[in-house]
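[1] the following comprises the amino acid sequence and a computationally predicted model.
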Amino acid sequence: MADLFIIGGGINGCGIARDAAGRGVSVILAEQGDLAQATSSSSTKLFHGGLRYLEYFEFRLVREALEERETLLAAMPHISWPMRFVLPWHSDMRFDNDTPTSRLLGLVMPWMKGRRPAWLIRLGLFLYDTLGGRKILPATRTLDLRTDPAGKPLQPKFRHAYEYSDCWIEDARLVVLNARDAQARGARIMVQTRVISATRTGDHWQVVTNGPDGPATHHARALVNAGGPWVGDIIRNVARINSTEGVRLVRGSHIVTRKLYDHDRCYFFQGTDGRIIFAIPYEQDFTLIGTTDQDHQGAPKEAVCTDEERDYLLAFASKYFAKPVTRDDVVWTYSGVRPLYNDGAKSATAATRDYVLSLDQTGGAPLLNVFGGKITTYRRLAESALEKLKPFFPGLQGKWTAHQPLPGGNFPVDGVADLTACLKSVHPYLSDYHAARLIRAYGTEAATMLGDARSLADLGRDFGATLTEAELRWLMTHEYARCAADVVWRRSKLGLRLTPLQIAAIDDHMTTRLTATPAAE
């Protein structure tokens, strides 16, 4: 019998699995598809405090997220790195009047009529710099867009801006590396395994799954429902429990365009509807723009970026960029559903991004339901989940994840360039792009993957865009990849560079390999 059974292979499920396994808890995790297949691979790819949440006075959530940025950055410097964000401002800008800050400003300064004075934005950025005890990331500074290169892509009316810090994160790789570390510490990770039912039987749970090897029954002392957008369905239809708690499904859509500017900084654009969007350098040759906030109806897996959302993002960005961004610039879109705790907020934008952990002990064995959460605070959420479960596991070991690197992340925060140069010195046949991509994906494990290869030919078949047979074998053996989409749209974004025929060839190769020798769980 296991101690803990976790339903859901997104960031919350895998984060809890890693934390629990490291404390000596025996863990089984089941994911119905691929790890990070839904919400956790559809984010804006940021570790950030959530600057706009200050407008809603969510100071605890922002502080926790800001504290986590640098903790996480130090643990995974290969898949996370600092970025600078440029927030343009001018005196004629108008903003949504329905946030707590807007209402307060309207009460004490009614003549502002929807404006955000520069001092208010600077105050918010001062709080952003100080709430989390920043040590690694540089502070906010003021820019003159008439002379700074960040002003060149923007409309000339934007003369002033503020530049602040946040961090990039390869979201789907974050999930996979948490799962790998959990497995290394004793957890059992099962992908393509659907949980059919979960039934309390005395003092434990009986969980029935259906996976690649057929139906199976598992027993566990406690159950964690980290189903993300499916958390409500799991409560009602898998655990068959009546509950008034639920999620608000909010769709966040993004567009990827051809590269819109040459520098390496991001933009934070504010809209008159209370929304903000980011424009971020992406995969060297592209720009990522997002996100939307729309209440989502229907199945989570049906979430797509609608034409209306695409056009909304294009129009929003075009209010800032000197050259309008058009449909012809778009090369890819993606959309995910955020499972926010249903707090009754009037709009999707106003719904809380905080997480809620609900413990159900009705009838015996505990069930912990995970609602909401942000990718930035996943580690703290996992710690809170284990704190909730602590009474059921006497002798549970203490917190440990804050200073432990993820696989491949055991090198300094500023060590990427040195690690890349070292890889190229040992494997000189790699192009600069290829070496940099491998380090950014695998960190110190890139050398292990390449082994004693002395040429590209030694890495086996070339599938295009620097994806080789050796890397594909690594992804299947060590990272739970089962099909081409797992590889080219989640563990990497090489789908932006590969043709449909090349992706089909990857699928065929993986199917053949799985049939001949099933990949390790």
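    Here it is on my side, so go on.
[2] how long is stretch 214-233 end to end?
    22 Å (Cα to Cα, to the nearest Å).
[3] look up the closest residue to the residue sitting nearest the centre point of the chain, ignoring the ones flanking it.
    In the chain, the centroid-proximal residue (Cα atoms, centre = their mean) is residue 171; its distance is 3.5 Å. Nearest non-adjacent residue to residue 171, counting by Cβ to Cβ, 6 or more residues apart in numbering: residue 43, 4.8 Å away. The C-beta positions use only the backbone N, C-alpha and C, and glycine is treated the same way.
[4] do the same with residue 331
    Counting by Cβ to Cβ, 6+ apart, residue 256 is the residue found nearest to residue 331 once chain neighbours are left out, at 5.6 Å.
[5] please apply the same query to residue 222.
    Spatially, and ignoring its direct neighbours in sequence, residue 222 is nearest to residue 366 (4.7 Å; Cβ to Cβ, 6+ apart).
[6] what residues are up against that neighbour?
    If you count contacts by Cβ atoms under 8 Å, 6 or more residues apart in numbering, residue 366 has them with 222-223, 359-360, 389, 392.
[7] hmm, back to that, which neighbouring elements make contact with the helix or strand containing the residue nearest to residue 331?
    For residue 256, the host element (DSSP states H and E) is strand 247-258. Contact partners of strand 247-258 among helices and strands, from 3 or more Cβ pairs under 8 Å, 6 or more residues apart in numbering; DSSP states H and E: strand 286-290, strand 294-295, helix 307-318, strand 330-341.
[8] relative to strand 286-290, how tilted is the helix or strand just after that strand?
    Per DSSP H and E, the first helix or strand lying C-terminal to strand 247-258 is strand 266-270. Going by axes from the mean of the first three to the mean of the last three Cα atoms, to 10 degrees, strand 266-270 is angled at 30 degrees with respect to strand 286-290.
[9] what strands line up against the following helix or strand past strand 266-270, and which way round?
    Using DSSP H and E, the helix or strand that follows strand 266-270 in sequence is strand 276-282. Here strand 276-282 has these sheet partners by DSSP bridges: strand 266-270 (antiparallel), strand 286-290 (antiparallel).
[10] please tabulate these in JSON lines, including the columns mean pLDDT and distance to residue 305.
    Formatted as JSON lines, those follow (pLDDT from 0 to 100; distance: least, Cβ to Cβ, whole Å):
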{"stretch": "strand 266-270", "mean pLDDT": "95", "distance to residue 305": "18"}
{"stretch": "strand 286-290", "mean pLDDT": "97", "distance to residue 305": "9"}
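[11] could you tell me the least trusted of the helices and strands packed on strand 247-258?
    Note on the helices and strands packed on strand 247-258: lowest mean pLDDT is at strand 294-295, with a mean of 88.
[12] give me the distance between stretch 457-472 and the centre of its chain.
    27 Å (Cα atoms, centre = their mean, to the nearest Å).
[13] could you pull up the mean pLDDT of stretch 508-521?
    Stretch 508-521 shows a mean pLDDT of 78.
[14] with adjacent residues omitted, what lies nearest to residue 456?
    Using Cβ to Cβ, 6+ apart and skipping the chain neighbours, the partner closest in space to residue 456 is residue 429 (5.4 Å).
[15] should've said residue 452
    Counting by Cβ to Cβ, 6+ apart, the nearest residue to residue 452 once its immediate chain neighbours are dropped is residue 458, at 7.9 Å.
[16] and that neighbour, what pLDDT?
    Per-residue confidence (pLDDT) for residue 458: 98.
[17] residue numbering should commence at 29 henceforth.
    Shifting the count to begin at 29 puts that one at residue 486.
[18] I'd like the distance between it and residue 224.
    According to Cβ to Cβ, to the nearest Å, residue 486 and residue 224 sit 45 Å apart.
[19] which parts of stretch 390-399 are buried?
    Along stretch 390-399, these residues count as buried under the neighbour rule (16 or more other Cβ atoms under 10 Å): 393-399.
[20] in strands, which of the residues you listed fall?
    By the criterion of DSSP state E, membership of the buried residues of stretch 390-399 in strands covers 395-399.
[21] what's the burial count for residue 464?
    Burial measure for residue 464: 18 neighbouring residues, criterion other Cβ atoms under 10 Å.
[22] same thing with residue 36?
    Residue 36 sits with 29 neighbouring residues when counted by other Cβ under 10 Å.
[23] quick one, what contacts it?
    Contacts for residue 36 (Cβ under 8 Å, 6+ apart) come out as 57, 59, 252-256, 258-259, 398.
[24] please narrow those to those residing in helices.
    Counted as lying in helices by DSSP state H, out of the contacts of residue 36, are residue 259.
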